[in-house]
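In: please work out how this folds:
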Amino acid sequence: MNKTIISAKILDNGTVVEIIDDGREKPFPNTPLRTMTDEQIHAAALSDPDAQPTTPEQLNATRRIPRVKTLRRSLGITQEDFATRYHIPLGTLRDWEQGRAEPDQPARAYLKAIAGDPVAVFQALEAGTDRVHPR
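Out: I've put the predicted structure just below:
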């Protein structure tokens, strides 16, 4: 069986070029790699029994869990720092991130507040620890 290997790259302007053996570049023909219409592509996707689209009923039944890990990573901090900064037990945070537990309603509201303004939440927590509480 003969195999043809073609080296190609995408230029900064989005043009795809073939790399010739001597290092020169030549534009690929301006023809689609696959000659299927959008309708044919859609029909082919629907014919795959393992990749059926989610029904509205399935989507409504899906549990929505705050993406704690995504939130923490967007802040660029470790689990330990996030847990310390926002007064969340480290084990609880790990359980949430690994899907072993779900945040309850107050925790979800707290995470939403952190996502909305992480600096303000941190400052509010810090201000709360500076106060002297009457006995």
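In: buried residues, stretch 56-74. List them.
Out: 66, 68, 69, 71, 72 (16 or more other C-beta atoms under 10 Å). For every residue, glycine as well, the C-beta is placed using N, CA and C.
In: ok, now stretch 23-42?
Out: In stretch 23-42, counting by 16+ other C-beta under 10 Å, buried: nothing.
In: so how far is it from its chain's centroid?
Out: The chain centre lies 29 Å from the centre of stretch 23-42; the measure is C-alpha atoms, centre = their mean, to the nearest Å.
In: contacts for the strand or helix carrying residue 81 next, please.
Out: Using DSSP states H and E, residue 81 maps to helix 79-85. Contact with helix 79-85 is made by 72, 75, 77, 88, 89, 90, 92, 93, 94, 97, 122, 125, as judged by C-beta atoms under 8 Å, 6 or more residues apart in numbering.
In: same deal with stretch 3-19?
Out: With C-beta under 8 Å, 6+ apart as the criterion, stretch 3-19 contacts 25, 26, 27, 28.
In: list just the nearest of those to residue 43.
Out: Taking C-beta to C-beta as the measure, residue 43 lies nearest residue 28 of those, at 26.9 Å.
In: mind checking pLDDT for that closest one?
Out: Confidence at residue 28, expressed as pLDDT, is 78.
In: how many other residues sit next to the residue nearest to it when sequence neighbours are not counted?
Out: Closest residue to residue 28 apart from its sequence neighbours, by C-beta to C-beta, 6 or more residues apart in numbering: residue 16 at 4.8 Å. Counted with other C-beta atoms under 10 Å, residues neighbouring residue 16 total 14.
In: what sits opposite residue 16 in the beta ladder?
Out: With DSSP bridges as the criterion, residue 16 is bridged to residue 10.
In: so which residues of this structure form strands?
Out: Under the criterion DSSP state E, strands of the chain are mapped to 7-10, 16-19, 25-27.
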